[in-house]
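**Student:** this one's structure only:
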């Protein structure tokens, strides 16, 4: 067993406005029993690991088995008592400010998510109700800031990428920052950190205060992708679908950097929405980019989209090879269009109400072998439906690769079978092969990759 | 009919953080039908009358019958469209900033109050649930600021007082302000304005920024006591009992200035709580004060408390005759004690959780003739129960004097009869007589006062 | 002798940026010998009397004969040690923040004025050099804020006026404040305080932060007109002429309220400048105003200007009788013109470089009997020269009334004789008579007024 | 000739407080003639080259021969008109905020330095007078902030170092930043940038606002070491001696990273001062540090100090090999001592008045062959005098290596001869040899190094 440095500490929110009622404190304090407390403990541990390189949730949870957190009410507000907390979160015995802030963000979101669910105002059975729920969660986290012109750029891509790709994402972030744009990511390492770091330096050069480094995460992923310490707004959405919806409702444009099958899943989610007839006229700048080294990857992804969803789909995004300045310029131009459109339609700058997201995208997909095998992957489907199904296929592969439940299913029933038109199956197979060759199919522990699926055309 | 200057205008929240979901906008927009919209229209009209001297809700509502307000979503957030709004709320065509701010505070509170009521987390059937509700409303209004040492002084007293008394309240506010204390009132004119005005000047002298002038009101009273424009935090609680609970939970000390039977009601509400055995050790500075002219009034009130609730009750407050500096000094000292106590007990500075408020104080009292006649006003009751009943008696008289329903009851069934021990009935009668003689029983329209009650011992 | 409460205290500048070199500290510390220290002690004493009603410099200086102040260097900056300081400047033993701020403003200005005088960059022998000097003094005091649109309204008028006039000046200040205008005065009581107080309340209503209440004074007058505590920028100019130049260079418009012969002197100073041919096209809003009670006074002043300087002079200002809103509206309109003009000519918003001020206005006038007797007061002079001479005449009368040197001269040589054309002498005599009748010729100690002059036509 | 992108632009200070008098504008505008204008043009050009990699002043000046800058007065303040300015200073046509800020800092310092020199208050003939001058320059630049506890860490070292050394300096800066320390450097690239960049990220993690990245430079060096864009306070001192004095008076501790002969010169300057008997008790944390690769270098420098100035000298600093955290910890501890000492002695936190700097260190050393040859380098000198002379020897070598005048002298008269005790000459020779071997003797254009001196023992 590895040596871990741990520390006991008591922290209070500095300058934060979080207050809790006695009932809320009690609910969070029920150590052992309450699921709320368990959830908070798990998120807290992930946040305290910020900055370390372990990206395996299980490993972290096991390494700090005796970690505990207690919530107390006191004269000046809420206080957290931490026991056996990772020492890396502290400098000379004092907790790093960003870590402390994130702990209280987690507290805020977990308390609110719970109580909001019990509210009659939320009707999760309808698409509109789910969108309202996402809105309420973001509003409670003070993420929605009316009056600010569209400038929130979402960066998607792998959390485990090459040094070249990481540096490139920093350079893009720097160019975004020079143009006074804010950055939103999934809040872990890799592409989720690079653009924020580049933007921080650029914002300092531009003497910009109040810059936003927004991290959107969810309890299932926070341990594996601990928020990087530059994130200065952390929001924990309750699940992956809410998180994806938050990205596209709160972001004004999206940049897609190289990544693995998870990034492909996100890309298809986005294309599925943008290809929906109702969204035809909604401007939404999307840029696919990477350094010279990643040119092949970008081309393969682009070709795959062309081969499966067609040219119309390719028109919804731009590819920029190895040119951070050009990426930032095109994004700036795209955002101008977003502003013009929202003003014209009187849509809020801070929340993309007009974007139609079908219920299929809002509900979790459970990748049973049966569900995977019966995914309709046919050229005669409307492109947005085909995109939705392809996204489900990728989602299943991610589960088969790294998620507990998925791995067990593969162990029990063998590989997933994915069926469909040859015109789709061939490009899909080719793309997945390329991912494997480029080492973009990462498994925990560095085990060589064995596909969890079989493409059947 | 009087000439009214009206104006049409479109206002947006400047620097405010209010955002609404589409559903909330819709709910508020249902002109004519929805009670939420009606409530908002009524509060908006009261706020737009800020600064005028009309204190009759009915008169205002009638004078601006064709006033209308519409809520719109737009790119930069929420926008209000006002039609036939009182011109006094504008300077050269632009709405006064404090008025605009209060409009959006009203919007915030009405939306939240509604949706919170529908939430399963709120259980209004228990005392604890009601307190939680008050907490949630205040938290949502960002009134609870953790980390600030106890410095919120509530000022109670008449909204229609003599010039001498008004000036005195300003001088007290000035001394409070010099000591960097904040002021909370019921947010109308008179004593609700004087201390805030005095404090504003003193805070300017002390170069204090971020001073708080907190106004707590409720829909039933806001029209009659329109918020004075110095109020920079307006919270609209749903009813009178929630408002009173908010005062004692959020205020750290209370100053009681001369007023009418309503002020007496508030004073008895406070004494009823402080005399509860559970609150015996809770420090809560209460100061009864007024200018030389009001010395008789103060003495009569003090004597009444002595005669009915006894010496123990008199010990829970101090009387200061005509000495603003002394009032401020004693309050400062009392607040030090509050701070010490809360720190010791780990109670929040921003919300007085430890104060026990019995359900009887949290529920409305409906002053039917039967209820009034059967109020137990006996010396053998525990003082805090007697105080509660005396508070109900005063509450009934207020209703009989000025509230629609109460007036109609008196017209139909004659005066209320109040029964009780002679030792209580005599002082009560004497006090009420004094109020009449001192013209503290105000009726709308300046009609000479005819008592709506008869004291029977 | 009256009982005086005194206090010893040690104060440091909170949040202020004043730093001193060791040499500067030494220079200020030479108690007894150095004139710099004497000057500072005198100003400090005046500032500590802020808020008291004594307006007689001599009385104050005598009352606090044993007052002393020492300047010390310490780790966190400069510290002042005060001995036997007036207790009114403190609240519960702590100095009022505005008083503390002003003490350090005085320190700053006195140190800078001294050292600047010794600088070769300042050439006081030329008109341009004097203007540069005024500019440097104001810049060092951080009074010149580039980038702010013209909104600084100077209010001139008596420091000892009727309650009616004081209230009126408050109402005008309130209307100015509602229109987000800043206020500059001579920083004492009366008209120097009223508009600031009114504006403070209005700025609070408009949620305006960073409002400026600029007080311009000079060592010779600060003791008699102690800065009122609302002043949040205090600048001590070295003498009366620099102070007057500062008013017209830094103010964007001027309102003249009722006052005595000193106010008349200021009014003529202003007219003398505005009537100069070089300033013909320079817009400069000037409004003469007062309450109903002061209508006679305003009319007399207006008639006097008409009779002596002619219609052209009357066109350089407007009279508004008893209408604060109208005053504020006209001022706002005038300021728009100022902005347009400065933008067109590329003149700074923060300093009126284009205004021509002749050397005659920049140099002190020494009112000997000979100088007074030989003032040319002839209708055939150009109006701006006649205005300059009339200003000198008023200046002499002020000296003869209240200044040490002037009083002694009158005692020794009898009344001043003022000669001139009958067409000027008659209106002058009439105006001065009116001042006497309206009790606008105030003498220290309330002694009945005996004229110190004789008008000879 | 290389292709240069140039741009014409007009810039105004955003949020800055710089104002100029008409005379000052005129003085700066005299293109061609005035030396003030020439100086400003040169500094402006250097600042506009921020971020480029050219570190040769002459090259820059020649590359942008047709660059011009004009100063204009306008309504909202000062405006600069730039012609043929380097395009790299702009993003999409708009000047980067930090560059704009620095341009106006340069303007401020050049105007003030000139006018201050003409002031009688400055007596440059005395040591105290020179210190006062430095104080005034820093105060005018608002660099002296009273009330802040000692936390300004000066980082000295080469501007042209290895990647390893650069990365190390970033890591040290990161650790300093985590401990909320500010950074001051000579404001160019290399060691002057690394610590600031590291601190920027760490300050973001610690949510620290108002962090200071202070750059102290002088006109002779600014072109070669253009301010890096993180510098958010730029001060241009008039010459190298004032700049060195500014470093030790305003910095609370100093970290010395690897560098060349210039860094050695600075180190000896510092030791010379700290070894002065009058400074024996003045605490001043000095840390010599570098990455593993630089261990030899550090050891050589340390040995040289031991061999020439003795153990006493070695006790005035600490060596830390390759341990950023340890560096930051020791510095934090050292600063605590500084605070304690200054508080005890009532010395300002913001300016180290108590440090004795002999006139010899305040006056330029002109390295003629004669002066170099007659430098007394004997063991029997008091260590602080020997340090002063060694510093002069290094200063001469720097001049002979890279400065115009020095190079010409070497061309004309051959190498400098440096005489002294063998016990000093041998270590000196050895150290210089090591510098050559480690390529720390950089010449413009990468020419191989030929020594400009000869050590004669």
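**Tutor:** Great, that's in hand. The structure displayed is predicted, hence computed values, not measured ones. Numbering: from 1, shown residues only, chains lettered A, B, ... in the order given.

**Student:** show me the contacts for the most far-flung residue of chain A relative to its centre.
**Tutor:** Using Cα atoms, centre = their mean, the residue of chain A lying farthest from its centre is residue A:75. It sits 36.5 Å away. Residue A:75 makes contact with B:339, B:342, B:343, B:346, B:347, B:348, B:349, according to Cβ atoms under 8 Å, 6 or more residues apart in numbering or on different chains. Where C-beta positions appear, they are placed from N, C-alpha and C, glycine not excepted.

**Student:** same question, residue A:107
**Tutor:** Taking Cβ under 8 Å, 6+ apart as the definition, contacts of residue A:107 comprise A:18, A:20, A:28, A:40, A:71, A:78, A:80.

**Student:** Among the residues you listed, name the ones in helices.
**Tutor:** Mapping these onto helices (DSSP state H) picks out A:28, A:40.

**Student:** quick one: which of the contacts of residue A:107 is nearest chain C?
**Tutor:** Looking at the contacts of residue A:107 and their distance to chain C, the nearest is residue A:18, at 25.6 Å (Cβ to the nearest Cβ).

**Student:** Near chain B, which residues of the stretch 301-450 of chain A are found?
**Tutor:** Residues of the stretch 301-450 of chain A that fall close to chain B, judged by Cβ under 8 Å from any Cβ of the partner chain: A:339, A:342, A:343, A:346, A:347, A:348, A:349, A:350, A:351, A:353.

**Student:** what helix or strand does the second one sit in?
**Tutor:** Which is residue A:342. Taking DSSP states H and E as the definition, residue A:342 sits inside helix A:324-345.

**Student:** Go ahead and name everything in contact with that helix.
**Tutor:** Outside helix A:324-345, the residues within contact range by Cβ under 8 Å, 6+ apart are A:149-151, A:153, A:168, A:171-172, A:174-176, A:178-179, A:181, A:252-253, A:255, A:281-285, A:287, A:289, A:318, A:320, A:347-349, A:354, B:75, D:92.

**Student:** Let me know the average pLDDT across that helix.
**Tutor:** Per-residue pLDDT values across helix A:324-345 average out to 96.

**Student:** do stretch A:184-198 as well
**Tutor:** For stretch A:184-198, the per-residue pLDDT averages 92.

**Student:** Run the chain-centre distance for it.
**Tutor:** Taking Cα atoms, centre = their mean, to the nearest Å, the mean C-alpha location of stretch A:184-198 is offset from the chain mean by 10 Å.

**Student:** Can you give me the first-to-last residue distance of it?
**Tutor:** End-to-end distance for stretch A:184-198: 13 Å, by Cα to Cα, to the nearest Å.

**Student:** and it with chain D, contact?
**Tutor:** Yes. Stretch A:184-198 is in contact with chain D by Cβ under 8 Å from any Cβ, via residue A:197.

**Student:** and the residue in the stretch 251-400 of chain A positioned nearest to chain D, how many residues sit next to it?
**Tutor:** Nearest residue of the stretch 251-400 of chain A to chain D (Cβ to the nearest Cβ) works out as residue A:329 at 7.1 Å. Residue crowding around residue A:329 was assessed by other Cβ atoms under 10 Å in any protein chain shown; the count is 16.

**Student:** if I look at it, how far off is residue A:285?
**Tutor:** As judged by Cβ to Cβ, to the nearest Å, residue A:329 and residue A:285 stand 11 Å apart.

**Student:** now do residue A:405
**Tutor:** 36 Å.

**Student:** Give me the more crowded residue out of these two.
**Tutor:** Set residue A:405 next to residue A:285 and count neighbours by other Cβ under 10 Å: residue A:285 wins out with 23 against 11.
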